[in-house]
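[1] mind looking at a prediction? Sequence and model below.
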Number of protein chains: 2
Amino acid sequence: MTLAERVLDGDIRAAARLMRDIDDRFKSAIEELKTLYPHTGNAYIIGITGPPGAGKSTLVDQIVSAYRKKDLLVGVVAIDPTSPFSGGAILGDRIRMNRHADDAGVFIRSLATRGALGGLSRSTTDVVNVMDAMGMDVVVIETVGVGQDEVDIVSTAHTTVVVMVPGLGDDIQAIKAGILEIGDVFVVNKADREGADRTARELTTMLEMKHPDPAGWAPRVLQTEGARGVGIDALVEEFDAHHVYLKESGALQRLIEERNVKLFTDTLREELFETVFGAIKSNGQYQEILAGMRDKSTDPYSAVQKVMAGRAFS
Amino acid sequence: MTLAERVLDGDIRAAARLMRDIDDRFKSAIEELKTLYPHTGNAYIIGITGPPGAGKSTLVDQIVSAYRKKDLLVGVVAIDPTSPFSGGAILGDRIRMNRHADDAGVFIRSLATRGALGGLSRSTTDVVNVMDAMGMDVVVIETVGVGQDEVDIVSTAHTTVVVMVPGLGDDIQAIKAGILEIGDVFVVNKADREGADRTARELTTMLEMKHPDPAGWAPRVLQTEGARGVGIDALVEEFDAHHVYLKESGALQRLIEERNVKLFTDTLREELFETVFGAIKSNGQYQEILAGMRDKSTDPYSAVQKVMAGRAFS
């Protein structure tokens, strides 16, 4: 049996192995992903983002428990910007695994693709597709941080959840303005803290000023206390309501198509670069370019033009 | 006179125009950048990152003022993840401009390249190069957010500054672990707040446990109050010390080479993608792929393989 066939059979170890191959960019992984592809499109994908300190991990743990109570299979992909430097993702896995360790209905995977811009986005989609194909009913993508990459990644989810927290200071106003556009559901977590009501009211006012979605979804602001599990059931009900709305309005089909287009362009970008970069490394052109930039006989822009010039792209 | 010649002549309007062309990915901008390239490599580049709410913008304003007191020309590139959605960068510009508006020795530019992964990194380097060529002595790159892109971008600076703040909650421990590796200087801002000493002590302890830099730079933790300008002079002295260290140890030359290599690979990645994506759009292959993904006769992975197959890359 191929790895993909074993994944379709529900083999957790095969899935873990394939995800490692995806991380390592093994060419064989692409063939496995092609086999899995017709079996994707069934999972409901939730993306969760928000600034550091908002308590997203605790909230995700509670959401996982809530879906498990409904007997649904849950996958979690945690995007961790710290781990390129310190292996933080692995540590994060262990902490989470403690809680859901004995539960075969939960599959958790941390992702931290070092350096490769665009690679993180592609790897995330690949890993979500593996979880989808292996039969996870719900996949939660959680990002630490609120950078361009992270916003980009959670935007590919079916339901995008923005987690805020009372009293995070100056920059928050600016960030709020930015994330208003991407959120389908807003959460003020740590709602027992001073200022939670005010933060929720401010967010609600800002959302009301926004141009309304013509298809009819009006994002609401919910309050939770992740640490004590307060407000989680209402949050999961809101997810269900958004999922139903997506299906009935036809927006879900459009989102699935957009995810495919993004996977295509991300993969094309990376394959093109890896192929050409590999070629100029083996034929010595890259070494020449490095020497040329060092002695200033060339510059990065001219070097790119020279690499492009010798090749047939159309 | 070409735009590049006018930039070299110190023409602010020409520089602003060229930066817009860079943002818009005009082909002509590459030619101007090639002309400017031999005039780069003189500016001292400082990258500043840290979580939202750390007061980075206020700190940057103070750093700008400190360098202006020394009669140095200062450029600021603000990377703003919010603006792809709401035009926040423009607002940010205005707020800043108020303070340094009448000062011809300060050039401020906000950057927010929508969507294009990798594009942000490339645009930042291009804009820094324009500021460098036009004679800015110091260029400060400031990022809002702590995502993969942002960390990547500030890592290309000569001196990377990580700004923390007391009491930001759970996720901070993880983020600290991640950013220890990239910081040359650490700042605990809002040092009048409760817990500042403890945060500084914790950071110092973590830094001491780190594998020491064989070349001899030991990052220190400084405390500042951006709003009142406390600790800024000591901070700028620390920058000077790091700059001297970089020059004397030969590390500066290595950093300059690494920036060039990164600019080359970022530019190559984008040019390859834009060229091939443009080609398959004009010859109808892209439209076929979209239809194929929609009726499930193809998948994103196979579609990429088909695009790659018809082209000569080596």
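    That came in fine, so what should we check first? Since we're looking at a predicted model, the values are computed, not measured.

[2] all strands of chain A, in order?
    With DSSP state E, the ranges of strands along chain A come out as A:44-49, A:74-79, A:106-111, A:138-143, A:159-164, A:185-188, A:220-223.

[3] now find how far off-centre the fourth one is within its chain.
    Distance, stretch centre to chain centre, for strand A:138-143: 7 Å (CA atoms, centre = their mean, to the nearest Å).

[4] in its sheet, what does it sit against?
    strand A:44-49 (parallel), strand A:74-79 (parallel) (DSSP bridges).

[5] B:Tyr67: which of those strands is closest?
    With distances scored as CB to CB, the stretch of those nearest to B:Tyr67 is strand A:44-49 (35.0 Å). Every residue, glycine included, has its C-beta placed from N, CA and C.

[6] dump the closest one to CSV, restricted to CA.
    Extracted C-alpha coordinates of strand A:44-49, given in CSV (Å, rounded to 0.1, in the frame of the first residue of the first chain):
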residue,chain,number,x,y,z
TYR,A,44,-14.8,22.2,7.8
ILE,A,45,-11.8,24.5,8.1
ILE,A,46,-11.6,27.1,10.9
GLY,A,47,-8.7,29.6,10.9
ILE,A,48,-7.8,31.4,14.2
THR,A,49,-5.6,34.4,14.5
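
[7] chain center to it: distance?
    Centroid separation for strand A:44-49 versus its chain: 7 Å, with CA atoms, centre = their mean.

[8] now distance to B:Gly226 too, for the strands paired with strand A:138-143, in TSV please.
    What follows is the strands paired with strand A:138-143, written out as TSV (distance: least, CB to CB, whole Å):
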stretch	distance to B:Gly226
strand A:44-49	26
strand A:74-79	30
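
[9] which among the strands of chain A is found nearest to A:Gly284?
    Closest approach to A:Gly284 among those is made by strand A:106-111 (34.5 Å; CB to CB).

[10] for the closest one, packing partners?
    helix A:12-23, strand A:74-79, helix A:88-100, helix A:119-133 (3 or more CB pairs under 8 Å, 6 or more residues apart in numbering or on different chains; DSSP states H and E).

[11] between those, which has the poorest mean confidence score?
    Lowest mean pLDDT of those: helix A:88-100, a mean of 48.

[12] where's A:Arg220 relative to A:Val187, distance?
    10 Å (CB to CB, to the nearest Å).

[13] neighbour count for these two, which is higher?
    Taking neighbours as other CB atoms under 10 Å in any protein chain shown, A:Arg220 and A:Val187 compare with A:Val187 leading, 29 against 18.

[14] check contacts around the nearest residue to the more buried one once chain neighbours are set aside.
    For A:Val187, ignoring the flanking residues on the chain, the nearest one in space by CB to CB, 6 or more residues apart in numbering or on different chains is A:Val163 at 4.7 Å. A:Val163 sits next to A:Ile48, A:Thr49, A:Gly50, A:Ala54, A:Gly55, A:Lys56, A:Leu59, A:Val187, A:Asn189 when contact means CB atoms under 8 Å, 6 or more residues apart in numbering or on different chains.

[15] hmm, try it at 6 Å
    Applying CB atoms under 6 Å, 6 or more residues apart in numbering or on different chains, we find A:Val163 in contact with A:Gly50, A:Ala54, A:Lys56, A:Val187, A:Asn189.

[16] ok, A:Arg122 next?
    Taking CB under 6 Å, 6+ apart as the test, what A:Arg122 contacts is A:Asp266, A:Thr267.

[17] do you know how far the closest residue to A:Ala104 other than its chain neighbours is from chain B?
    Excluding its sequence neighbours, the residue lying closest to A:Ala104 (CB to CB, 6+ apart) is A:Ile12, at 7.3 Å. Relative to chain B, A:Ile12 is positioned 23 Å away (CB to the nearest CB, to the nearest Å).

[18] give me the domain ranges for chain A.
    Chain A resolves into domains spanning A:1-39, A:40-251 when parsed by automatic domain parsing.

[19] burial count for the residue nearest to A:Ala104?
    By the criterion of other CB under 10 Å, A:Ile12 has 12 neighbours.

[20] and the pLDDT for the closest residue to A:Ile280 other than its chain neighbours?
    With sequence-adjacent residues excluded and distances taken as CB to CB, 6+ apart, A:Ile280 is closest to A:Tyr286, at 4.4 Å. We have a pLDDT of 97 for A:Tyr286.

[21] for A:Asn189, see how far away A:Gly216 is.
    Counting by CB to CB, the gap from A:Gly216 to A:Asn189 is 27 Å.

[22] and the domains of chain A, which one averages the lowest pLDDT?
    Note on those: domain A:40-251 shows the lowest mean pLDDT, a mean of 80.

[23] re the thing from before, which of A:Gly216 and A:Asn189 has more neighbours?
    Comparing A:Gly216 with A:Asn189 by other CB under 10 Å, the one with more neighbours is A:Asn189, at 27 against 10.

[24] pretty sure the more buried one is touching A:Gly55, no?
    Yes: the pair A:Asn189 / A:Gly55 is scored as a contact, 4.8 Å apart, by CB atoms under 6 Å.

[25] which neighbours do these two share?
    Contacts common to A:Asn189 and A:Gly55, judged by CB under 6 Å, 6+ apart, are A:Gly226.

[26] off-centre distance for stretch A:192-204?
    Relative to its chain's centre, stretch A:192-204 lies at 27 Å (CA atoms, centre = their mean).

[27] again but with stretch A:5-15, I slipped
    Between the centre of stretch A:5-15 and the centre of its chain there are 22 Å (CA atoms, centre = their mean).

[28] show me the contacts for the nearest residue to A:Glu32 once chain neighbours are set aside.
    Nearest non-adjacent residue to A:Glu32, counting by CB to CB, 6+ apart: A:Ala4, 4.2 Å away. For A:Ala4, the contact set (CB under 6 Å, 6+ apart) comprises A:Glu32, A:Thr35, A:Leu36.

[29] okay then, goodbye and thanks.
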